[in-house]
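> Take a look and give me a structure for this.
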Amino acid sequence: MKKVLLMALVILAGATCCPASAAKKDKKKKKAKQEEVADTVVVDSAAAIFVRPDAPIITRADSIGYVSGMVVTQGLLPYLKGQYHLNENYMQDFLRGFYTAVQNDTLPDFRAYQVGTQIAEMTLQRVIPTMMNDYPKTELNREMFFQGFMDAVMGDHKHFNDSVATVLKDKYVTEAKEAAFGEWKRQNEAFLVTYAQNDSVTKTADGLLYKVIRQGKGARPTKSDKVVVKYEGKLIDGTVFDSSYTRNPQTSTFGVTQVIKGWTEALLLMPVGSKWELCIPQELGYGPRETGKIKSFSTLIFTVELEEIKK
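Here you go, the predicted structure:
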């Protein structure tokens with residue numbers, strides 16, 4: 001895309017207001033023409049667009065500004081069409097919004113208004129679609145969503161305080177996920193029971209299950225450390241959802257506390273040089289959340305090799 005940042009649809013020097021308003025103001029404008037300053041702006045109410053009654057190019061600075069304004073519009077129309085689905089029929093409305101923002105950008109209340117429109121766009125295009133994934137087979141009332149949003153921003157807790165709202169939201173998500181993935185959840189719970197019966201499996205107080213394939217003799221990480229590991233993760237049906245062995249390099253580095261709870265607990269127990277198989281119940285994994293190939297309530301089975309600790 002060519003230099004696309006701004007737009008001022010070419011407002012020609014000497015442009016006049018549209019006929020709807022020009023007829024009434026023609027005499028007055030002619031009389032006051034000599035007194036008008038360069039930044040005089042008239043609102044063309046009929047076309048809903050801002051135009052300059054007279055913008056002659058007199059100085060070098062005038063010319064630099066004018067041609068620069070023209071050049072940065074190159075490629076803008078295709079961008080507006082592709083990104084915002086605007087066409088030529090709405091350019092006057094676009095320019096009205098553009099010029100209003102230019103004229104009021106330094107005003108705190110207008111800046112707040114602009115931020116509000118940007119957050120609204122983000123909410124409509126990203127937040128709500130993502131949240132709908134939390135409630136499969138359940139209808140989310142958008143109007144009540146917006147009401148709850150606005151009340152919370154204004155500190156209005158007439159229905160729920162923040163902590164209660166969080167608890168209820170998590171409860172609703174879990175119930176919706178259980179309705180959609182109940183059978184998968186039962187399969188994973190049964191798998192955990194069977195896995196734990198193996199004599200080579202150790203179970204921690206939190207419910208983490210692991211097998212020692214190779215026990216290392218190095219130091220154990222602390223919560224403040226970073227670790228270098230090789231790993232592969234799969235579901236109980238054998239679906240591999242992530243593997244460092246398929247990448248180059250095969251190792252990955254991250255903080256001990258920057259991973260799911262099951263990983264953190266295992267890493268704090270593993271000496272460097274170890275290779276373990278972890279069986280992580282959903283409570284220590286992603287719970288009802290879905291991420292990539294990982295379905296809600298999934299037990300996660302990892303092969304983990306702890307290569308190095310980085311302090």
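
> the strands in the chain, which residues?
Counting by DSSP state E, one finds strands in the chain at the ranges 42-44, 49-51, 201-203, 209-214, 226-234, 240-243, 252-255, 275-280, 300-310.

> Save the ones you listed as JSON lines, and put in mean neighbour count and distance to residue 129 too.
Placement of C-beta: from N, CA and C, glycine included. Output for the strands of the chain, formatted as JSON lines (neighbours: other CB atoms under 10 Å; distance: least, CB to CB, whole Å):
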{"stretch": "strand 42-44", "mean neighbour count": "17", "distance to residue 129": "37"}
{"stretch": "strand 49-51", "mean neighbour count": "19", "distance to residue 129": "34"}
{"stretch": "strand 201-203", "mean neighbour count": "13", "distance to residue 129": "39"}
{"stretch": "strand 209-214", "mean neighbour count": "16", "distance to residue 129": "36"}
{"stretch": "strand 226-234", "mean neighbour count": "18", "distance to residue 129": "26"}
{"stretch": "strand 240-243", "mean neighbour count": "15", "distance to residue 129": "22"}
{"stretch": "strand 252-255", "mean neighbour count": "14", "distance to residue 129": "29"}
{"stretch": "strand 275-280", "mean neighbour count": "21", "distance to residue 129": "29"}
{"stretch": "strand 300-310", "mean neighbour count": "19", "distance to residue 129": "26"}
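
> out of those, nearest to residue 105?
Distance to residue 105, taken as CB to CB, is lowest for strand 49-51 among the strands of the chain, at 14.3 Å.

> circling back to that earlier point, can you list the strands of the chain in JSON lines and add mean pLDDT and distance to residue 106?
Putting the strands of the chain into JSON lines (pLDDT from 0 to 100; distance: least, CB to CB, whole Å) gives the following:
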{"stretch": "strand 42-44", "mean pLDDT": "39", "distance to residue 106": "20"}
{"stretch": "strand 49-51", "mean pLDDT": "47", "distance to residue 106": "17"}
{"stretch": "strand 201-203", "mean pLDDT": "97", "distance to residue 106": "62"}
{"stretch": "strand 209-214", "mean pLDDT": "97", "distance to residue 106": "60"}
{"stretch": "strand 226-234", "mean pLDDT": "97", "distance to residue 106": "45"}
{"stretch": "strand 240-243", "mean pLDDT": "97", "distance to residue 106": "48"}
{"stretch": "strand 252-255", "mean pLDDT": "96", "distance to residue 106": "42"}
{"stretch": "strand 275-280", "mean pLDDT": "98", "distance to residue 106": "53"}
{"stretch": "strand 300-310", "mean pLDDT": "97", "distance to residue 106": "47"}
